[in-house]
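> For reference, the sequence and a predicted model appear below.
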Amino acid sequence: MRQPALVVVALATASMAMVPAPATAQDVPEFSAEALAAFAEGAKNYQAGRYVAAIPQYTKAFELDGSFFVALFQAALCHSNLGNIATRDSLLAIVDASRDRLSEYYRHRLDTQLASAAGNPDGALEAARKAAAVGPGTKGVYQVAYWALRRNRPQEAKDALVSLDPEREPMKGWTAYWSHLAWAHHLLGEHEAELTVAQRYRELYADRFAPLTAEAQVLAATGQMDGLEAVIAEAKSRPIAGAASNAGALMTTAAAELAAHGHPDAAKDLYNRAADWYQQQPADQIRSVAHRNWHTFTLIAAGRWNAAEPVCQSLLDDVPANGWFHAMDGYAAARKGDRARAMSQLEWLEGQDETAGFQAVVHAALGDKARALELLAESFESGASFTMWSHRDLLLFPLLGDDPAFAEITRPKG
């Protein structure tokens, strides 16, 4: 007896249209209503960003039907989003060992994640393109946008995203759709469209903080100061929701955009306001590593080298192997004239793998622009992700932003 109609409906809706219609037979068990129901519950939680809650549901679906490798694949995605890398890799290995049980679509989805785990973003993008070709309208199309943006291909990302309907699955309720579409418009210089997206993002998710940041950065980029101040006021009225979701982080982000778009004086003022905000917060509210990271580079951007040093040192004490923290410390040291400390941090970075981008930060602060640009280009060419910060880097932009080579490195590639 086949699964009840209600379970089929649950799968079709709550699973976010993840399975392309022509390929369901290999991916979805036909005779296990219980497994499908568990999968559907996991998908609802996944869609809402409740990854911890989704994992046991996906795991249960696989336990109920050992042929349901898509459920195990989804559990691996949850672990990836939670930063549980070892668990993610072990689950992906199990799925990969039975890849012949997957449809072509899910084999490409699996290859996307395996390439990501291997630090191969170009491979991830290529695999995502293949998944999208097999399953138009699925999450595979979104994955094209995700990886295209990280390879500085905003036009390809925008084209992928606008082919999806944000009011229907798999994008309905998926907040990252809006942030990524705004990102694509931003890098293409389409700020009017970006503002429309950011405002719609706020309408749909009024209780979230990320839409505020999306709107702040486009208002800053276009010099709309009255609108920006209104958003800052709204951010200050909200409780701290996370290291990147608070008024200080929002002001730092907006200041970087002001600097990158020809408003240096306004940027300097806002960096200082952001630094003041951090100084005014109760210590227990900004004690986490992530908060101290934001606090440190805000102080550096504001030119408060001496104030930044002890905060950065606390990060180095807690996470001594983090290359970015060494780069920030070296940058601040160089900017305040402590060449010996800057060189010491540079030497440490040179002894580590995949730190070209971090080395560029210290070289720029030491005045070696040519070497900084060379290392920055090398970093992106070797697979470092391009982000929204890449074009407005609050440490590099003040030193390299007027160099044509920097503009070429950060210019959209497709």
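Right, received. Where do you want to start? Keep in mind that this is a model prediction, so the values were computed, not measured.

> contacting residues for the spatially most central residue of the chain?
In the chain, the centroid-proximal residue (CA atoms, centre = their mean) is T387; its distance is 7.4 Å. When contacts are counted by CB atoms under 8 Å, 6 or more residues apart in numbering, T387 touches R150. Where you see a C-beta, it was placed from the backbone N, CA and C, and this is true even at glycine.

> Is it in a helix, a strand, or coil?
coil (DSSP: H, G, I helix; E, B strand; the rest coil).

> Return the backbone torsion pair for it.
Geometry field for T387 lists phi and psi as phi -130, psi 180, criterion degrees, to the nearest 10.

> If you drop the residues flanking it in sequence, what lies closest to L349?
Closest residue to L349 in three dimensions, ignoring its sequence neighbours and counting by CB to CB, 6 or more residues apart in numbering: T355, at 4.5 Å.

> Look up phi and psi at the one you found.
phi -120, psi 20.

> shouldn't it be in contact with W324?
No - with contact taken as CB atoms under 8 Å, T355 and W324 are classed as non-touching, separated by 9.1 Å.

> show me the contacts for the nearest residue to G227 once chain neighbours are set aside.
When the adjacent residues along the chain are set aside, G227 lies closest to L219, with 4.5 Å between them (CB to CB, 6+ apart). The neighbours of L219, taking CB under 8 Å, 6+ apart as the test, are L195, M225, G227, L228, V231, A254.

> Within the helices and strands, which one has L219?
Here L219, judged by DSSP states H and E, is contained in helix 210-221.

> can you give me the offset of the helix or strand just after that helix from its chain's centre?
Tracing the chain C-terminally past helix 210-221 and defining elements by DSSP H and E, one meets helix 225-236 next. Taking CA atoms, centre = their mean, to the nearest Å, the mean C-alpha location of helix 225-236 is offset from the chain mean by 24 Å.

> which stretches of the stretch 201-350 of the chain form helices?
Along the stretch 201-350 of the chain, the stretches classed as helices by DSSP state H, counting those that start in this stretch are 210-221, 225-236, 247-260, 264-280, 289-301, 305-318, 323-335, 339-350.

> what's the second one packed up against?
This means helix 225-236. Using 3 or more CB pairs under 8 Å, 6 or more residues apart in numbering; DSSP states H and E as the contact criterion, the secondary-structure elements in contact with helix 225-236 are helix 210-221, helix 247-260.

> other SSEs contacting the longest one?
Translated: helix 247-260. Using 3+ CB pairs under 8 Å, 6+ apart, the elements in contact with helix 247-260 are helix 210-221, helix 225-236, helix 264-280, helix 289-301, helix 397-400.

> How far off centre is it?
Centroid separation for helix 247-260 versus its chain: 17 Å, with CA atoms, centre = their mean.

> quick one: that helix to helix 264-280, angle?
On the basis of axes from the mean of the first three to the mean of the last three CA atoms, to 10 degrees, helix 247-260 is oriented at 160 degrees to helix 264-280.

> what's around G223, how many residues?
A total of 14 residues lie near G223 under the criterion other CB atoms under 10 Å.

> try E104
Neighbourhood size, E104 [other CB under 10 Å]: 16.

> Neighbours of the residue nearest to L349, how many?
In terms of burial, T355 registers 21 neighbours under the definition other CB under 10 Å.

> For it, give me its contacts.
The contact partners of T355, taken as CB under 8 Å, 6+ apart, are G323, A327, L349.

> Which strand or helix spans the residue nearest to the second one when sequence neighbours are not counted?
With CB to CB, 6+ apart as the criterion, A327 has its nearest non-adjacent residue at 3.8 Å, and that residue is F358. For F358, the enclosing helix or strand under DSSP H and E is helix 356-365.

> pLDDT averaged over that helix - what is it?
Per-residue confidence for helix 356-365 averages out to 96 on the pLDDT scale.

> gap between the helix or strand that comes right after it and the chain center?
Reading on from helix 356-365 to the C-terminus, the next helix or strand found by DSSP H and E is helix 369-381. Mean C-alpha position of helix 369-381 versus that of the full chain (CA atoms, centre = their mean) differs by 22 Å.

> what's helix 369-381 in contact with?
In contact with helix 369-381 (CB under 8 Å, 6+ apart) are residues 152, 356-357, 359-361, 363-364, 386, 390, 396, 399-400, 403, 405-406, 409.

> Name the residues of it that are buried.
K369, A372, L373, E374, L375, L376, A377, S379, F380 (16 or more other CB atoms under 10 Å).

> still on that earlier bit, is there a quick ChimeraX command that grabs whichever of the contacts of L219 are buried?
Restricted to the buried members of the contacts of L219, where burial is judged by 16+ other CB under 10 Å, the ChimeraX selection command reads as follows:
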select :195,227,228,231,254
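
> just to revisit the earlier point, worst average pLDDT in the helices and strands packed on helix 247-260?
Looking at these, the lowest mean pLDDT belongs to helix 397-400 (a mean of 90).

> Report all helices and strands that it contacts.
On a contact count with 3+ CB pairs under 8 Å, 6+ apart, helix 397-400 meets helix 247-260, helix 356-365, helix 369-381.
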